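Novice: have a look; sequence and predicted model below, questions after that.
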Amino acid sequence: MNEMSNPDDCLFCRLVAGDIPSTIVLETPTTVAFRDISPAAPTHVLVIPRAHHRDVASMADSDQQLLADVMSTAVEVARQEGIEDEGYRFVANTGTYGGQTVFHAHVHVLGGRGLSWPPG
């Protein structure tokens with residue numbers, strides 16, 4: 001699997017730039033939240049930082065405020081999507097074995113139905 005970390009070749013960087021269409025549900029100065037094109041639950045939104053970071057771990061190491069911004073945006077998405085009271089899940093796949101397929105930090109916001117555990 002190709003673990004691209006170059007912003008010039010990054011799918012999500014191109015989405016942030018407006019080069020790739022998406023259904024954006026929330027934007028902040030530092031983050032973008034958009035609907036997943038292959039949803040795994042009735043509510044499935046991705047929250048990404050505008051700045052390129054390979055994964056959540058590298059973002060946490062280099063910019064803790066940005067990590068906080070991503071998580072705050074994820075909480076707001078859950079509220080906005082109406083899943084706050086029933087419950088929801090945040091997932092941050094990191095690395096190939098963790099299931100990461102796009103190597104730009106992102107958090108999945110999943111909800112709208114009961115979610116089983118363990119997920120994988």
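Specialist: Here it is on my side, so go on. Residues are numbered from 1 along each chain as shown.

Novice: what sits against Ile48?
Specialist: 12, 15-16, 31-34, 70, 104-107 (Cβ atoms under 8 Å, 6 or more residues apart in numbering). Where C-beta positions appear, they are placed from N, C-alpha and C, glycine not excepted.

Novice: Glu27 reaches Ala33, doesn't it?
Specialist: Yes. In this structure, Glu27 is within contact of Ala33 by Cβ atoms under 8 Å, at 7.3 Å.

Novice: have a look at the two and say which one is more surrounded.
Specialist: Ala33 (25 against 13; other Cβ atoms under 10 Å).

Novice: identify the residue nearest the more buried one in space, chain neighbours excluded?
Specialist: Leu26 (4.2 Å; Cβ to Cβ, 6 or more residues apart in numbering).

Novice: host element of the one you found?
Specialist: Here Leu26, judged by DSSP states H and E, is contained in strand 24-27.

Novice: mean confidence (pLDDT) on that strand, please.
Specialist: Per-residue pLDDT over strand 24-27 has a mean of 98.

Novice: which strands and helices lie in contact with that strand?
Specialist: Applying 3 or more Cβ pairs under 8 Å, 6 or more residues apart in numbering; DSSP states H and E, we find strand 24-27 packed against strand 31-35, helix 64-80.

Novice: and the first one, which strands flank it?
Specialist: Looking back up the chat, that one is strand 31-35. With DSSP bridges as the test, strand 31-35 is paired with strand 24-27 (antiparallel), strand 43-49 (antiparallel).

Novice: what comes up buried for that strand?
Specialist: 31-34 (16 or more other Cβ atoms under 10 Å).

Novice: now render the strands paired with strand 31-35 as TSV, adding distance to Tyr88.
Specialist: As requested, the strands paired with strand 31-35 are exported to TSV (distance: least, Cβ to Cβ, whole Å):
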stretch	distance to Tyr88
strand 24-27	14
strand 43-49	7
